[in-house]
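Student: Fold the following.
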Amino acid sequence: MPTIKPFKAIRATPEKAAHVISRTYQDYGPEELEALLKFNPFSFLHILNPGYKYSHEITGEERFNLVRNRFLEFREENHLLQESVPAFYLYENKDPHHEYTGIIAAASVEDYQSNRIKKHEDTLSHKEVLFKEYLKIVGFNAEPVLLTYKDDDVIENITEQIKKSLPAYHFSTTDFNSHKIWTVTDPDLIASIQKIFANKEHLYIADGHHRSSSSSLLAQEMGEKHDSYNYFMSFLISESQLNIYEFNRLVKDLNGHSKESFLMQLDQYFRIQNRGLEIYKPSKKHHFSMYLDGDFYSLYLRKGLHRIKNALDDLDTQMLYDLVLQPILGIADLRNEGRIDYSYGKSDLLVMKSKIDQGEYAVGFGLFPATVEQMKSIADADLRMPPKSTFIRPKLPSGLIIYEFENE
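Tutor: Next up, the predicted model:
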C-alpha cells in the first residue's frame, strides 16, 4: 500500500516559468551553459551553478552553501513562490516525438525502505552520500524520482478530467517542448488519488535510484526534525509512457592485456567482427558494440555458452560484467571502481570514440537498451541491475516543481 501525499511546492511565477526551468545540469555543453548563464538571469542554472556570479569554479560543501544562497535569493526576488496549500501537480509534456502525463507527489521513504517502492538498479555509494549531503545543505529537491506503475484506466480517466480545466501553467520552450501544469487541491480528488495508489501492491523506480537512496539516508539522519524529510518528490507515470535508452561503458585500461590478448579473451564468449570505422550500434539483446584502438567491433554472444538462471543473468549490462568487465578487465566493484565510466546520448558512440581516441579511455562498449519487462522482472525478484543500466525518459526539467524540506 504505497503512500503518496500532496505538498506545498515552490515553483516559478507563471510569467517567468519558461525562463526559469532548465534541463539537468550535466546535459549542457560549456558554450550553451555559458550563454544561458550570461543572457538569462532567471534560469535555474544560476542556482545550480552559483560560482558563475563570481567567475569561479566552486565544488563541495562551499558550492552547496552557495546553491542554498542563490535559491533564497530567487525566492526573495519573487522568481519562485510557494504554494499556499498542499497539492498534487498534474504535468503534461509534449515534444515533437513524445507526449506524457503524470502526477507529481511526495512519496514515502518508508515505502522505499520496505520495498513497496521497488528498485531494480544498484547505486554508486559515493554518489549516494554526496547527494545526501547536498540535499541536507541546500534544503530542497528540484528533480523528482520517476516512479512507474501498470497502466490504470481509473487514473487515466481522472487525469483526463483534470485536463479539462484551465492549467496553472501553459508555456513552450525553445527546445520545442510544450509544458502544462494543473494544481490539484480539492480534498476529495486528492483523497481519491491517494486511495488508488494505496490499493496498488507496488510502485517501481524507473529513474532516480541515487535520488531515492540519498533521500533514505537523509531521512535516517534528519527524519525526526520534520516529517518532510520522510518523503521525497516523485513523478508517477504509467509504464507505457516510459522510453528506455542504454548507458554505455568506457574503461580506462585493458588490465594489463595487449589488444591481441584482450580480443582472444573475448573470443571465448563472443563472435567478433572488426567493422573498422563503421559505427556499429547493437540492434538486439545480447549484441554489443565495442570501440578499441581505432576500430569498431560487433560482439555477438555465442549461444549456449552463458547460463541464464534468472532475469538478471539475461540483462546485457550484467552479462557484460560477468563475461568481460570482472573476469578480463578486473573490475569487481562497480559501485566504487574508478576505472569505469558511463555515458549516454544521441551521438554517444561518437562521443565514446572521441574520448578513446584522445586517450582518456582504452575501450568502450555500446549496449542494447533494457525493456520495461526486464526492469520489472528484476525488481520483482529483488535483484539489482549494475549501476547505470538504464537511461529513462521522461526527465522533468529542473526548477519546474521544487520540494523544500522544513525544519521545526
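Student: where in this protein is pLDDT low?
Tutor: Residue ranges of the chain with pLDDT under 70: 26, 345-347, 408.
Student: Domain ranges for it, per the record?
Tutor: Domain assignment of the chain by automatic domain parsing yields the ranges 4-244+393-404, 247-368.
Student: And the strands in the stretch 1-150 of the chain?
Tutor: Along the stretch 1-150 of the chain, counting by DSSP state E, counting those that start in this stretch, strands occupy 4-5, 10-12, 80-82, 88-94, 99-108, 117-118, 140-141, 145-149.
Student: If we go by neighbour counts, what in the second one is buried?
Tutor: For strand 10-12, a neighbour-count test (16 or more other CB atoms under 10 Å) marks 10-12 as buried. All C-beta spots, glycine's among them, are computed from the backbone N, C-alpha and C.
Student: Any chance of a markdown table for these, columns distance to Ile237?
Tutor: Output for these, formatted as a markdown table (distance: CB to CB, whole Å):
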| residue | distance to Ile237 |
| --- | --- |
| Ile10 | 22 |
| Arg11 | 19 |
| Ala12 | 22 |
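Student: and which of those residues is nearest Lys376?
Tutor: Arg11 (31.8 Å; CB to CB).
Student: what's the distance between that closest one and Ile401?
Tutor: Per CB to CB, to the nearest Å, Arg11 is found 6 Å from Ile401.
Student: which neighbours do the two share?
Tutor: Counting by CB atoms under 8 Å, 6 or more residues apart in numbering, the common neighbours of Arg11 and Ile401 are Ile181.
Student: In a markdown table, list the strands of the stretch 1-150 of the chain along with distance to Ser354.
Tutor: Below are these laid out as a markdown table (distance: least, CB to CB, whole Å):
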| stretch | distance to Ser354 |
| --- | --- |
| strand 4-5 | 43 |
| strand 10-12 | 36 |
| strand 80-82 | 38 |
| strand 88-94 | 31 |
| strand 99-108 | 32 |
| strand 117-118 | 37 |
| strand 140-141 | 33 |
| strand 145-149 | 30 |
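Student: Relative to Pro387, which of those strands is closest?
Tutor: Evaluated over the strands of the stretch 1-150 of the chain, closeness to Pro387 peaks at strand 145-149, with 16.0 Å, by CB to CB.
Student: Neighbouring strands of that closest one in the sheet, and parallel or not?
Tutor: Its sheet considered, strand 145-149 pairs with strand 203-207 (antiparallel), strand 231-238 (parallel) by DSSP bridges.
Student: What residues sit buried inside the helix or strand just after the shortest one?
Tutor: Along the chain past strand 203-207, the next helix or strand (assigned with DSSP states H and E) turns out to be helix 209-222. Applying a neighbour-count criterion of 16+ other CB under 10 Å, the buried positions in helix 209-222 are 209-219, 222.
Student: Direction-wise, compare helix 209-222 with strand 99-108 and give the angle.
Tutor: On the basis of axes from the mean of the first three to the mean of the last three CA atoms, to 10 degrees, helix 209-222 is oriented at 20 degrees to strand 99-108.
Student: What is helix 209-222 packed up against?
Tutor: Judged by 3 or more CB pairs under 8 Å, 6 or more residues apart in numbering; DSSP states H and E, the packing partners of helix 209-222 are helix 109-113, helix 125-138, strand 145-149, strand 231-238.
Student: Just give me how far it sits from the chain centre.
Tutor: 15 Å (CA atoms, centre = their mean, to the nearest Å).
Student: repeat for stretch 10-26
Tutor: Centroid separation for stretch 10-26 versus its chain: 18 Å, with CA atoms, centre = their mean.
Student: What is the burial count for Gly304?
Tutor: Using other CB atoms under 10 Å, Gly304 has 6 neighbouring residues.
Student: Check the spacing between it and Tyr269 real quick.
Tutor: Per CB to CB, Gly304 is found 11 Å from Tyr269.
Student: would you put the C-alpha positions of the helix or strand containing Lys353 in CSV?
Tutor: Lys353 is located in helix 348-357, with elements delineated by DSSP H and E. The C-alpha coordinates for helix 348-357 follow below in CSV (Å, rounded to 0.1, in the frame of the first residue of the first chain):
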residue,chain,number,x,y,z
ASP,A,348,27.0,8.6,-27.7
LEU,A,349,29.0,6.2,-29.8
LEU,A,350,30.8,9.1,-31.5
VAL,A,351,31.4,10.6,-28.1
MET,A,352,32.8,7.3,-26.9
LYS,A,353,35.1,7.1,-30.0
SER,A,354,36.3,10.6,-29.4
LYS,A,355,37.2,10.0,-25.7
ILE,A,356,39.1,6.8,-26.6
ASP,A,357,40.9,8.4,-29.5
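Student: Could you identify the helix or strand that succeeds that helix?
Tutor: In the C-terminal direction, the helix or strand that comes right after helix 348-357 (DSSP H and E) is strand 363-366.
Student: And stretch 5-12, end to end?
Tutor: Its start and end residues considered, stretch 5-12 measures 21 Å (CA to CA, to the nearest Å).
Student: neighbouring contacts of that stretch?
Tutor: Contacts for stretch 5-12 (CB under 8 Å, 6+ apart): 17, 19-21, 42, 75, 79-89, 104-106, 108, 140, 181, 184-185, 190, 194, 228, 231, 233, 399-404.
Student: ditto for stretch 73-90
Tutor: In contact with stretch 73-90 (CB under 8 Å, 6+ apart) are residues 4-13, 16, 20, 42, 46-47, 71, 101-105, 159, 162-163, 181-185, 190, 193, 399, 401-402, 404.
Student: Show me how far it is from its chain's centre.
Tutor: Offset of stretch 73-90 from its chain centre (CA atoms, centre = their mean): 24 Å.
Student: same question, stretch 55-70
Tutor: 23 Å.
Student: Over to stretch 324-339?
Tutor: Centre-to-centre, stretch 324-339 and its host chain are 22 Å apart (CA atoms, centre = their mean).
Student: The closest residue to Ala332 other than its chain neighbours - how many residues pack around it?
Tutor: Once flanking residues are discounted, Ala332 sits nearest to Gln326: 5.8 Å by CB to CB, 6 or more residues apart in numbering. Counted by other CB under 10 Å, the residues lying close to Gln326 total 14.
Student: swap in the one 10 residues further on?
Tutor: When counting by other CB under 10 Å, one arrives at 10 neighbours for Asn336.
Student: Contacts only, for it.
Tutor: 124-126.
Student: Go through the residues you listed and give me the one with the most neighbours.
Tutor: Using other CB under 10 Å as the neighbour criterion, Leu124 leads the contacts of Asn336 with 18 neighbours.
Student: Alright, that wraps it up for me.
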